[in-house]
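coords please:
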Amino acid sequence: MAAPSAVRRLLLVTGFLVLVQAGVGLVINLYGLFPVHHRGSQAGAPRIRAYESFAWAVGHGTFALAVHTALGLVLVLLSIVAAVRAVLLRRRAVAFWTVLGALLVIGAAAFGGSFLAHGKTLNSLLMALFALSAELCFHLAVDLLPSGRHGAVATLR
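Okay, here's the model as predicted:
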């Protein structure tokens, strides 16, 4: 069984990385020019195009795009680990918000891959909204965890 303090640290790191990811995404949105036509944007099955876009972004994109793409993959994996650890805590509200946050991170990654493959700005917007919504979910989950300093139940004064 996972300890609440370990889950808290994991959620704080994950949430912080979501904010870093959003910041790098803003830099790319403002300054990062990449070609509309690249290996992943060519015709083919959508999953293959997303994979090829990911590989192209990491291997041949700008430094910021490579960092953004790689960090997105790390965030998907980290949010899944956080969701599993939160579920093992057996605290329904914490598990709910963490699993929802993980699903939103996965959705943001899917929209990011779609944006890279198709170049539609709506996908970029949805990627950002999903990511920031995930941050909110992780923040709520942290707030629902018991604090080590105040015991399991916080009291209002």
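
Could you list the low-pLDDT ranges of the chain?
Low-confidence segments of the chain (pLDDT under 70): 1-2, 32-51, 148-157.

Show me where it has its helices.
4-31, 46-60, 63-89, 92-118, 121-144 (DSSP state H).

Quick one: these as JSON lines, columns for mean neighbour count too.
C-beta here means a position set from N, CA and C on the backbone, and glycine is covered the same way. Output for the helices of the chain, formatted as JSON lines (neighbours: other C-beta atoms under 10 Å):
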{"stretch": "helix 4-31", "mean neighbour count": "17"}
{"stretch": "helix 46-60", "mean neighbour count": "17"}
{"stretch": "helix 63-89", "mean neighbour count": "18"}
{"stretch": "helix 92-118", "mean neighbour count": "21"}
{"stretch": "helix 121-144", "mean neighbour count": "19"}
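
Pop out the phi and psi values for Gly119.
phi 80, psi 20 (degrees, to the nearest 10).

Tell me, how many residues neighbour it?
15 (other C-beta atoms under 10 Å).

Tell me the spacing between it and Gly113.
12 Å (C-beta to C-beta, to the nearest Å).

what does Ala3 give?
Distance, Ala3 to Gly113, using C-beta to C-beta: 34 Å.

All set now, cheers.
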